[in-house]
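In: let me see the structure of the following:
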Amino acid sequence: MGIEKLHLEDALEDSPQTRSLLSVFEKDAMTLKKYTTGLHNCCQRIMKAQNELCAATQSLSQHLRDFEIQKFPLESDDSVLSSTLKQFSSYLDDVSSIQQVLSAQFSETMMYPLSRFLQADLEEVTTLCEMYQIASNEHDSAMNRYMRLPKKKESERQKSEYNEELYLMRKKFHQTSLHYYSSLNALQYKRKCSLLEPVMGYLHAQRAFFQMGQDAVGKKEIEDFLNNISTSVQGVQQELQTETKKTVELIDSLEQQSAHLYHAEPMVDMPYIPPNTTLTQKAGYLYVRSKQLIATKWERCFFFTVGGNLMSQARDEVISTNTKKLAGSLVLDLNEPGVLAEPHESDDRRFVFQIVSPKNKRNVVLQAENEREKDEWICTLNNIVRESGYVKGKGGGPQAKPKERTSSSSSMSKPGSGSVSPDQASISSMSSTGAVPKTPAPTPSSSFVADAPIQFDLLTPTSQNGGVAPSLPGPPNPEPRINPFDQSANEVLDTLDSAIDNSTFVESFVVRFLGSMEVTTDRGEKLVHETMRQIMAARAIHNVFKMTESRLVVSSEAMRLIDPATNTLRTTFALADISFWAAHPENTRLFGFITRTKPPGATNSTFSCHVFECNISAEEICQAIGTATKLAFQALMQRKLPPGVGKEKKAMEKIQQVKTREKNILLQNIQQLEDAPEDEEDSLHNLPLSPDGKYLVLTAADESEDGMESGDLSQPMEKLTVESMQQPISDSFDTEDVEPESEA
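Out: Predicted structure coming up:
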């Protein structure tokens, strides 16, 4: 089918048929202009979107690179996530460069032809349409004026003017019509080119973009990288699903366990939960009363006990980013004398109690949620006062005896650490369990028992046997003790029983039990240090702040932990069961020791490492343990000697002394005989002999002295004769030379 055209020959005639056909072409041109304007808007959106995509990709790449400079509190500096995101940003930079090329191609092949068609062609048709209407109107006006001319001769001049005007207007109309018709005819051809060319440029640009993208992103290394990241993400999602399941179960369990805590005051149908009166640490929200000018104000704060002090913290206070310590302010020092927590009657409040401090003349009035919370707070504060209610500058009671410190054994290779030698361990356990097998040195992979639990509470005889621990002699708490945070090593006073008093070596220290766990070997300084690290990390992770304070009594008999409040024995460690001890290399207040235990019927022994905190240098305690084990080993060696060996050794020494004395006397007599004059030699032959006939009696004074000597010598030699020993003993054997083995 051919293209419809306007006939240029009919332009001058301007017949109604030509006018009707022209209106059709004008309507088509207006519709085409409207459609082309819409197409231009769509292409403009694509262009803007492409530019925005390019800018967004660049911004995304930069944002991924900024991850490594962010200071995330829970993200490590060498995180795998940071390096992965950095790698992604490099790939996004390549994609962004390709997108910039696509944007430039859109501008050249899609937007430029369409904009040119709108501005050059369609706008020209619109302008010519306006000019055609003006020329047509002017032609009609000139024609009307010419046709109204009269027949009179005097109007010849006017006729000439109107005729000339009509000529000009008709010529202008004809020329405008010709241009207008030709533009409308050309528009039918330009329609196809101008509408197809932008779409064709769009597709060509996309094809080039995809080809460049395939070359840039379709590399083997990028494919392997994406596969690895996909596998890692799937693993994390599986872990998240598992963790979500555990979290849901934990939430259900916590909701069930916390059902009784939702009510501030328990309901009548709920089971009765008695208050825990043995707590020594507690934390929770309380209302504190503060006095203002004309009224009192109650504020809700978080209270907690630490180091014998009652602290408070507002809800808005957080952990300091510089010191990494918990914020809070001191409410009351519970170490002051006379501090007492007791119920308090308030006119407008329930469950109120107060803390009275006579020294500061201050009363702190607090309110709990219910009766049980009030009783627990009162008991906890009084327990802290009773266990750590110290008085500065006073002794520890009439029965406390300061012990003189003994220097540690010189055989220790490093102060603060030591162990029992294999010979000592075998001899000390020979009477009960036989020889103890030697454990190889620990390795980082085999130092701890797999899934070994950490014990934070010190097991006492009461908790193990269900009975009451026997009290040591002395009053339960004779005098307020010295504050352990203010005392020195020489100010620690001891409360000892009769068995400890009879020991050859005794020292006492104030310690706090941090925890113990099972280990695979019985010695190793690195093993003790690693156990300390494990226990301290576990206490920090599980928010375990409670520490059992005890008095560690180190003697040549055993090591004992005594409750300083009730003076009862908590537990005893036999020196034969202690295989190694060491102090922390950096924190001088931490020390630990390893004990061996062989359950009845078991073939192998188990080993446990116990960690404590002290108020003095831990090396002093380790030196005391080394001295006690050395003395105990020497005493054990004395007991292991055959019967009568000690008496025979003393008899041999006495015989040697008698022989030496006889030799000296004989030499003196020979010297006197050589120096005597000849007239005195006859008198010497007349001197009386001693009763045994071996010596001459020189004078009366000598007689009395020699009588004593002869009395000693007159004893039968067979009484001083050493009987044959049951076992051969070397003359050089000396138990003082036996020392415990030290091990770095």
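
In: CA atoms for contacts and neighbours, from now on please.
Out: Noted.

In: work out for me the element residue 591 sits within.
Out: Using DSSP states H and E, residue 591 sits in strand 590-597.

In: and that strand, what's buried?
Out: Buried positions in strand 590-597, judged by neighbour count with 16 or more other Cα atoms under 10 Å: 590-596.

In: mind putting the residues you listed in TSV, pLDDT included?
Out: Listed next are the buried residues of strand 590-597 as TSV, based on pLDDT from 0 to 100:
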residue	pLDDT
590	91
591	93
592	94
593	93
594	93
595	93
596	88
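
In: other SSEs contacting the strand holding residue 591?
Out: helix 525-541, strand 578-583, strand 606-614, helix 618-640 (3 or more Cα pairs under 8 Å, 6 or more residues apart in numbering; DSSP states H and E).

In: kindly recompute the last result at 10 Å.
Out: The helices and strands touching strand 590-597, judged by 3 or more Cα pairs under 10 Å, 6 or more residues apart in numbering; DSSP states H and E, are strand 417-419, strand 506-519, helix 525-541, strand 569-574, strand 578-583, strand 606-614, helix 618-640.

In: if we can go back for a sec, looking at the buried residues of strand 590-597, point me to the pair that's furthest apart.
Out: Farthest pair in the buried residues of strand 590-597 (Cα to Cα) is 590 and 596. Separation: 20.6 Å.

In: now do the contacts for residue 148.
Out: 159, 162 (Cα atoms under 10 Å, 6 or more residues apart in numbering).

In: distance of it from residue 634?
Out: Separation of residue 148 from residue 634 (Cα to Cα, to the nearest Å) stands at 155 Å.

In: kindly report the same for residue 254.
Out: To residue 634, residue 254 is 58 Å away according to Cα to Cα.

In: residue 551 now?
Out: Between residue 551 and residue 634 the distance is 26 Å, computed by Cα to Cα.

In: check residue 44 too.
Out: In terms of Cα to Cα, residue 44 sits 100 Å off from residue 634.

In: please identify which of those two sits among more neighbours.
Out: residue 634 (20 against 16; other Cα atoms under 10 Å).

In: residue 293 belongs to a strand?
Out: No. Assessed with DSSP: H, G, I helix; E, B strand; the rest coil, residue 293 is coil; it does not lie in a strand.

In: so where's this structure uncertain?
Out: Where the chain drops to pLDDT under 70, the residues are 1-2, 77-78, 153-154, 318-327, 347, 388-448, 450-451, 459-502, 640-651, 672-744.

In: go with 50
Out: For the chain, the stretches flagged by pLDDT under 50 are 323-324, 389-415, 420-445, 461-495, 700-744.

In: distance from the lengthiest helix in it to the middle of the chain?
Out: Longest helix in the chain, counting residues (DSSP state H): helix 156-217. In terms of Cα atoms, centre = their mean, to the nearest Å, the centre of helix 156-217 is found 78 Å from the chain centre.

In: that helix packs against which elements?
Out: Counting by 3+ Cα pairs under 10 Å, 6+ apart, helix 156-217 packs on helix 16-65, helix 80-106, helix 112-116, helix 123-147.

In: can you do 6 Å?
Out: Helix 156-217 sits against helix 123-147, with contacts defined as 3 or more Cα pairs under 6 Å, 6 or more residues apart in numbering; DSSP states H and E.

In: gap between the helix it packs on and the chain center?
Out: 92 Å.

In: which other residues reach it?
Out: 162, 166, 169-170, 173, 176, 180 (Cα atoms under 6 Å, 6 or more residues apart in numbering).

In: relative to residue 537, how far out is residue 221?
Out: 41 Å.

In: again, but for residue 42
Out: Counting by Cα to Cα - residue 42 and residue 537 are separated by 64 Å.

In: what helix or strand is residue 561 on?
Out: Here residue 561 is assigned to strand 558-562, by DSSP H and E.

In: what pairs with that strand, parallel or antiparallel?
Out: Note on strand 558-562: by DSSP bridges, its sheet partners are strand 548-555 (antiparallel), strand 569-574 (antiparallel).

In: contacts for that strand next, please.
Out: 550-553, 568-575.

In: just the buried residues from the residues you listed, in PyMOL please.
Out: Restricted to buried positions by 16+ other Cα under 10 Å, the PyMOL selection for the contacts of strand 558-562 reads:
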select buried, resi 550+551+552+553+568+569+570+571+575
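
In: okay if I get the contacts of strand 558-562 as a markdown table plus distance to residue 18?
Out: Putting the contacts of strand 558-562 into a markdown table (distance: Cα to Cα, whole Å) gives the following:
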| residue | distance to residue 18 |
| --- | --- |
| 550 | 120 |
| 551 | 123 |
| 552 | 124 |
| 553 | 127 |
| 568 | 127 |
| 569 | 126 |
| 570 | 123 |
| 571 | 123 |
| 572 | 126 |
| 573 | 125 |
| 574 | 128 |
| 575 | 128 |
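
In: out of the contacts of strand 558-562, which one sits closest to residue 506?
Out: Nearest to residue 506, judged by Cα to Cα, of the contacts of strand 558-562 is residue 553 at 7.0 Å.

In: quick one: the nearest residue to the closest one once chain neighbours are set aside and residue 514, what's the gap?
Out: Nearest in space to residue 553, with sequence neighbours left out and distances taken as Cα to Cα, 6 or more residues apart in numbering, is residue 508 at 4.4 Å. According to Cα to Cα, residue 508 and residue 514 sit 18 Å apart.

In: relative to helix 156-217, how tilted is the one helix or strand residue 222 maps to?
Out: Using DSSP H and E, residue 222 maps to helix 220-257. What separates the directions of helix 220-257 and helix 156-217 is an angle of 80 degrees, with axes from the mean of the first three to the mean of the last three Cα atoms, to 10 degrees.

In: would you mark the buried spots in helix 220-257?
Out: Under 16+ other Cα under 10 Å, helix 220-257 has no buried positions.

In: specify the angle between it and helix 80-106 in degrees.
Out: 130 degrees.

In: dump the buried residues of strand 590-597 into CSV; add distance to residue 384 as well.
Out: Formatted as CSV, the buried residues of strand 590-597 follow (distance: Cα to Cα, whole Å):
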residue, distance to residue 384
590, 23
591, 25
592, 26
593, 28
594, 30
595, 31
596, 34
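
In: which among those gets closest to residue 184?
Out: Nearest to residue 184 among these, with distances taken as Cα to Cα, is residue 590, at 101.0 Å.

In: might you report the residue contacts of that closest one?
Out: Residue 590 touches 583-584, 612-613, 618, counting by Cα under 6 Å, 6+ apart.

In: mind checking the SS state of residue 301?
Out: Secondary structure, three-state DSSP: residue 301 is strand.

In: gap between it and residue 572?
Out: Distance of residue 301 to residue 572, computed by Cα to Cα: 43 Å.

In: ok, residue 638 next?
Out: From residue 638 over to residue 572 (counting by Cα to Cα), the distance is 24 Å.

In: same deal with residue 252?
Out: Residue 252 sits 43 Å away from residue 572, taking Cα to Cα as the criterion.

In: residue 245 too?
Out: Going from residue 245 to residue 572 by Cα to Cα gives 45 Å.

In: same deal with residue 556?
Out: 13 Å.

In: again, but for residue 338
Out: With Cα to Cα as the criterion, residue 338 and residue 572 are 34 Å apart.
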